[in-house]
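*Asks:* Give me a 3D structure for the following:
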Amino acid sequence: MSAGKYHDAENKIVGLQTTQDAKFYAASAKFPKAFSNEDNKLVVSYSVKHEQNIDCGGGYIKLLPGPLDQSDFKGGASESKYNIMFGPDICGSSTKKTHFILNHGGTNHLIKKNIPCESDEFTHTYTLVLNSDNTYEVYIDGTKKESGSVEEDFPILPEKKIKDPAQSKPKDWVDERMIDDPDDKKPEGYDDLPAEIVDPNAKKPDDWDDELDGEWEAPKTPNPEYKGPWSAKKIANPLYKGEWEHPLIDNPDYKSDPTLYRYANFAFVGLDLWQVKSGSIFSQFVIADSYDDVQASIETVNKAREAEKKQKEAVDEAERKKREEEEKARKAEEEAKKAAEPPVEEAKEDL
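*Replies:* Okay, here's the model as predicted:
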């Protein structure tokens, strides 16, 4: 357990910290009583601080059903079944997003939207709200970052519309926007121009010996009049009909499901992640049925983050001044050494 290098002394947030680099981590806790979110709001909130200035690693949590062998809780190819995965995932500059995954029918469905995440060294709160009307909301530090419909934003159900299998592009459909100008003709003698010509500025070297070196040939140089292979200029195709769009029809396999938000059993919460560089701190776990129940926790983290920033700024300023003093002392020492060195006498020439 750790509060980290920088923390709010008055409202110290202590949490679980990863401590070994290049390692998989798995930790879980059982709820006092398993529950379902049927006909109810589910609110999941927690804080994470990537104190190590994370370069590649996860910071997400999982909500799992029972039963679960906590001693064998794991991810990867044989991962333990979960209902929801939520939280930040960072790897280099290309991946900095807030994961949101719903498991249905044994398949993990990643949200279609890209939700950015925080990647600095301070504590941030991630909050998910899953509503009984099949909608969701994602908050970071109490600010809404994304919201929408589970049915529309997750690839769980078949598409509402599909391409009409009875339709295909007509054979006479013209979708070529530009064509060769039929009136544009290749100029007479165009192909007679060579790509290279004898360099008119080349001269036979004075020391060239025809008997020893063979007959001298002037080097070639690009022909300034050569224009490359000829091609007719393009004009707008008068028969162009535009891009053909495949007609859509209602998908007979689609059926709306108002229960996509619903899970019959939540029994555990867990951390299951990989980190290249360790140091992340997880805390402030709250599972509730009202957003009001997590507001106090979010406000606490927001205050703590401001304190962390001020502490880091103070440390950075102190280190900057220390470096300046060390550099000043180094230069003074060099000047003192130069001043202490005896002057170099110039050698006198014998008269």
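
*Asks:* can you dump the C-alpha coordinates of the lowest-mean-pLDDT helix or strand in the chain into PDB?
*Replies:* Least confident helix or strand, the chain: helix 210-213 with a mean of 85, by mean pLDDT, DSSP states H and E. Listed in PDB are the C-alpha atoms of helix 210-213, where the atom choice follows Å, rounded to 0.1, in the frame of the first residue of the first chain:
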ATOM      1  CA  ASP A 210      42.700   5.600 -78.100                       C
ATOM      2  CA  GLU A 211      45.200   2.700 -78.500                       C
ATOM      3  CA  LEU A 212      45.300   2.000 -74.800                       C
ATOM      4  CA  ASP A 213      41.900   3.200 -73.600                       C
END
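
*Asks:* which strands and helices sit next to the next helix or strand after that helix?
*Replies:* As assigned by DSSP states H and E, the chain's next helix or strand after helix 210-213 is strand 220-222. On a contact count with 3 or more C-beta pairs under 8 Å, 6 or more residues apart in numbering; DSSP states H and E, strand 220-222 meets strand 196-198. Just so you know, the C-beta spots here come from the backbone N, C-alpha and C atoms, and that holds for glycine as well.

*Asks:* Contacts only, for Asn265.
*Replies:* Ala34, Phe35, Ser36, Pro65, Gly66, Asn83 (C-beta atoms under 8 Å, 6 or more residues apart in numbering).

*Asks:* Which among those residues count as buried?
*Replies:* Among those, the ones that count as buried by 16 or more other C-beta atoms under 10 Å are Phe35, Pro65, Asn83.

*Asks:* Quick check: pLDDT value at the last one.
*Replies:* For Asn83, the pLDDT comes out at 97.

*Asks:* ok, it to Ser168 distance?
*Replies:* 42 Å (C-beta to C-beta, to the nearest Å).

*Asks:* what do you get for the second one?
*Replies:* Look at Pro65 and Ser168: by C-beta to C-beta, they are 46 Å apart.

*Asks:* List the ones among the buried ones among the contacts of Asn265 that fall in helices.
*Replies:* Taking DSSP state H, every one of the buried ones among the contacts of Asn265 sits outside helices.

*Asks:* what are the ranges of the strands in the stretch 151-300 of the chain?
*Replies:* Along the stretch 151-300 of the chain, counting by DSSP state E, counting those that start in this stretch, strands occupy 161-163, 178-180, 196-198, 220-222, 234-236, 248-250, 266-275, 280-288.

*Asks:* what helices or strands is the longest helix along the chain leaning on?
*Replies:* Counting by DSSP H, the longest helix found in the chain is helix 292-340. Applying 3+ C-beta pairs under 8 Å, 6+ apart, we find helix 292-340 packed against strand 42-50, strand 123-130, strand 280-288.

*Asks:* what's the angle from the second one to strand 42-50?
*Replies:* Here the directions of strand 123-130 and strand 42-50 differ by 160 degrees (axes from the mean of the first three to the mean of the last three C-alpha atoms, to 10 degrees).

*Asks:* Quick check: mean pLDDT of strand 123-130?
*Replies:* Here the average pLDDT along strand 123-130 is 97.

*Asks:* next one: stretch 294-313
*Replies:* Taken as a whole, stretch 294-313 has an average pLDDT of 93.

*Asks:* ok, now which ones touch Asn11?
*Replies:* For Asn11, the contact set (C-beta under 8 Å, 6+ apart) comprises Thr300, Lys303, Ala304, Ala307.

*Asks:* Assign it to helix, strand or coil.
*Replies:* With DSSP: H, G, I helix; E, B strand; the rest coil as the basis, Asn11 sits in coil.

*Asks:* For Tyr126, give its distance to Leu271.
*Replies:* Distance, Tyr126 to Leu271, by C-beta to C-beta: 13 Å.

*Asks:* Stretch 90-97 spans what distance, first to last residue?
*Replies:* 7 Å (C-alpha to C-alpha, to the nearest Å).

*Asks:* Would you mark the buried spots in it?
*Replies:* For stretch 90-97, by 16+ other C-beta under 10 Å, it's Ile90, Lys96, Lys97.

*Asks:* what pairs with the helix or strand containing the first one, and is each one parallel or antiparallel?
*Replies:* So the one you mean is Ile90. Using DSSP H and E, Ile90 maps to strand 84-91. Next to strand 84-91 in the sheet, as set by DSSP bridges, lie strand 56-58 (antiparallel), strand 61-64 (antiparallel), strand 95-104 (antiparallel).

*Asks:* quick check: angle from it to strand 266-275?
*Replies:* Using the same axes, to 10 degrees: strand 84-91 against strand 266-275 is 10 degrees.

*Asks:* Strand 84-91 to strand 280-288, inter-axis angle?
*Replies:* Going by the same axes, to 10 degrees, strand 84-91 makes 160 degrees with strand 280-288.
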